[in-house]
Each structure stands twice: as C-alpha cells, then as structure tokens.
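A.B. asks: my questions concern the predicted model and sequence given below.
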Amino acid sequence: MAKTKKILRDIQGEPDFRRINIDKVGVKDIRYPIVVLDKKTRFQQTIASISMYVDLPHQFKGTHMSRFIEILNEHRGELTVKKFPEILKKMKKRFNASTAHIELEFPYFIEKAAPVSKSKGLMEYRCKYTGVLGDKKDIILEVMVPVSTLCPCSKEISDRGAHNQRGMVKVAARFDGFVWLEDIIKTVENSASSPVYSLLKRVDEKFVTEQAYDNPMFVEDVVREVAMNLMRLRKIKWFRIEAENWESIHNHSAYAFLERGKENKKSVPLP
C-alpha cells in the first residue's frame, strides 16, 4: 500500500490578524565570498558580511528566509556591487515586497609602500555597500580610513614636540556611475596630518612624524579637508563624513561630523 505523502504546512504564509506592517525582515550577517573591483589588479576576492531584508505586509505572519539564500546562491562567483539592482529586483519579485534592502560589509586590502624605504605591506580598510530599492533605487558606499593627526594647539604651546594620535575617518557617499574605493581612501589620507601604514622602517618613521608635525590638524580640520577634496570628485553627489581621534593625552575621543549634497557646495567653497 502506497504511503500517503504528508503536506507540509506553510506557517509563514498564513494570515496574521494584528494588522501591523513590518518595515524590514530578513537574514543578517551571512558570511559570503564576493568580488570587488580593484583599481590596480582589476578585481579582489574577499569575504563579506551580508544582510538582506524586505518589508512584510500586515496580513502575512512571516517571510520565507530560505529565499534570501537562494538569491545569493544564484549570484555565486559574480556577487559585485554592479549586481545590486538585479538582486534587489529579484528580492522584490520573489517576496512580492514593495521595498528590498541589501548590505555588504567587507575588508578591502591595498598594498601600500612606505614613504622613504618603499617597503610594502597590506593595509586593511573596512567598506560597506548599502542598497535599497523601493519606488527609487538608492546605493550608498561607506569606507573607514585610519589616519594620523597632530594637535595644532599642542604644537603651538609646547616648547618640545606635540601630541599626536591615530584616528578614523568614515565616509559615506552617493554617486553617479562608479567610484573607485581607492579614490575615496586616497582622498581621506591626503586630508589628514599623515597617512597610516602597516610597515615602516626607521627612515619612514622619521618622515611620517615630521610630516605630521608640519601639518597639524584638529578633528574639525580633517572633516573640512575631506569635504573640500570630495567636492572635486565629480561622480559623488552626496557625502557624510565622521572623524574620530583617539586622543593620546585625554580620557576621551575628539569627534566631528559633516554632511553635504552637491547642491550645497556653496557651503564648502573650493579654493
């Protein structure tokens, strides 16, 4: 006698009677290989932490989480930011959603030569792409760049030396077309007292400390310089800058924040 196949109940698809919409529901922090375009070597393979969400109308009890993973697997080996629009469209269609979200956070590595000895080492930069597709598409790039600063006040009032510190500058940007990660990173590093390196010899340490001493900056100076330099990158149409200095002689961090759209460029004048 043939065994009757049991029909599995679709709990997620059943109705919910509380009449409350959910803005974002999905999967968070999936570790997944991606490909990032590299200005020097064409592309770079890295591992991203991926989060994917859609909205859930009030009449449904839940969403089918496995579908997010299925969509990722359909793009295995070709998962790049250029695929964002296609992936977001699939998410909206597959879930019958009005809004889809995807976030990719990943380490990006650049080979960087020391300023004098030219010794090479890899620098890591934390990057993030956020994509949203509702009535309109919105993609934001975020890059975190370590920098070094030297305090102008300390230099002015001290007979010997001045205190300096490492800091972190976080840039978020909307853009037209395509923007290289390297261009954002270089823009930030050129806007601080000195860049940060993974490998320095003694001749390099001398150069870097003297470079910072000759170019003192408050955290306020850093966000203003980054803003001035980002305004020169024509493809960027909006940006947000956060700078934090981990003060070496104070029991606190110094912080500054700035947000601008290109329509507000008069408030960030170019020289």
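C.D. replies: Thanks, I have it. In this text, all values refer to a predicted model and were calculated from it rather than measured experimentally.
A.B. asks: centroid-nearest residue for this structure?
C.D. replies: The residue lying closest to the centre of the chain (CA atoms, centre = their mean) is E142, at 2.3 Å.
A.B. asks: pLDDT value on it, please?
C.D. replies: On pLDDT, E142 comes in at 97.
A.B. asks: I'd say it and T130 touch.
C.D. replies: Yes - between E142 and T130 there is a contact under CB atoms under 8 Å: 7.2 Å. All C-beta spots, glycine's among them, are computed from the backbone N, C-alpha and C.
A.B. asks: for beta bridges, what are the partners of R126?
C.D. replies: Beta-bridge pairing for R126 (DSSP bridges): P107, M144.
A.B. asks: one more: D138?
C.D. replies: Beta-bridge partners recorded for D138 (DSSP bridges): V132.
A.B. asks: how close does it sit to D159?
C.D. replies: D138 sits 53 Å away from D159, taking CB to CB, to the nearest Å as the criterion.
A.B. asks: which one of those two is surrounded by more residues?
C.D. replies: Between D138 and D159, D138 has the larger neighbour count (other CB atoms under 10 Å), namely 12 against 4.
A.B. asks: got the contact list for that one?
C.D. replies: 131-132, 174 (CB atoms under 8 Å, 6 or more residues apart in numbering).
A.B. asks: would you list the buried entries among those?
C.D. replies: 131-132, 174 (16 or more other CB atoms under 10 Å).
A.B. asks: can you pull out the strands in the protein?
C.D. replies: 22-38, 42-56, 100-113, 120-133, 137-150, 164-175, 194-195, 236-246, 253-261 (DSSP state E).
A.B. asks: turn those strands into JSON lines, columns for distance to R224.
C.D. replies: Output for these, formatted as JSON lines (distance: least, CB to CB, whole Å):
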{"stretch": "strand 22-38", "distance to R224": "29"}
{"stretch": "strand 42-56", "distance to R224": "31"}
{"stretch": "strand 100-113", "distance to R224": "25"}
{"stretch": "strand 120-133", "distance to R224": "22"}
{"stretch": "strand 137-150", "distance to R224": "13"}
{"stretch": "strand 164-175", "distance to R224": "12"}
{"stretch": "strand 194-195", "distance to R224": "17"}
{"stretch": "strand 236-246", "distance to R224": "9"}
{"stretch": "strand 253-261", "distance to R224": "7"}
